[in-house]
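# Return atomic coordinates for the entry below.
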Amino acid sequence: MILGPESTGKSTVAAQLATHYNTVWVPEFARKYLAGLSRPYQEEDLLHIAKEQMKQEDKLEKQANQLLICDTGLEVIKVWSEHRFGRTHSWIEEKLDTRYYDQYLLMQVDLPWQPDPLREHPHLRTYFFDWYKESLNQKGVFYTIIEGDEQARVLNAIKSVDNLLGKK
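Numbers count the residues shown, from 1 in each chain. Predicted structure coming up:
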């Protein structure tokens, strides 16, 4: 699963990993959903996004070729919910405790900010990176920090996944 602050290349890396490993990837449902909203998102929108993201993961897992690449996950939704609303819905918390990923790729904030109507906090990317990292540390899961330009990110991500798969 790929996570990290806004504008750190998550979707680009997810798509390229899927191509490299000849498998499918789960796009970030929030982008599609939020782009269609005609109002600011609310707390209940995050629960809907979380449920749909999980539904897409479950659906695409059946089509995956050994690996399912996830552009985002509940960790991101939890952080956004905590940041914006000061809490996280219990359903999201429960699923975070039960949903397992073999590996997390945490995207560093060393790429230039790319403006986008759905992006909110260019000045808080390091803050969010540190929050994601601390969340992963608390969860005790295996993760790799992915950094560098776009090409280096993809190569670093492939190296990390290859290590997971036991390839040298």
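# what's the burial count for the residue lying closest to N65 once chain neighbours are set aside?
Distance criterion C-beta to C-beta, 6 or more residues apart in numbering; nearest residue to N65, sequence neighbours excluded, is T23 at 4.2 Å. Glycine gets a C-beta too; all of them are placed from N, C-alpha and C. When neighbours are defined as other C-beta atoms under 10 Å, T23 has 16 of them.
# where along this protein do the strands fall?
All strands of the chain, identified by DSSP state E, fall at 2-3, 24-26, 68-70, 104-107, 143-146.
# Now do the most centrally placed residue in the chain against V26, distance only.
Using C-alpha atoms, centre = their mean, the residue of the chain that lies closest to the mean C-alpha position is T72, 2.2 Å off. Between T72 and V26 the distance is 8 Å, computed by C-beta to C-beta, to the nearest Å.
# Identify the contacts common to those two.
Q53 (C-beta atoms under 8 Å, 6 or more residues apart in numbering).
# And the residue nearest to N65, its phi and psi?
The phi/psi pair for T23 (degrees, to the nearest 10) reads phi -140, psi -170.
# No further queries at this time; thank you.
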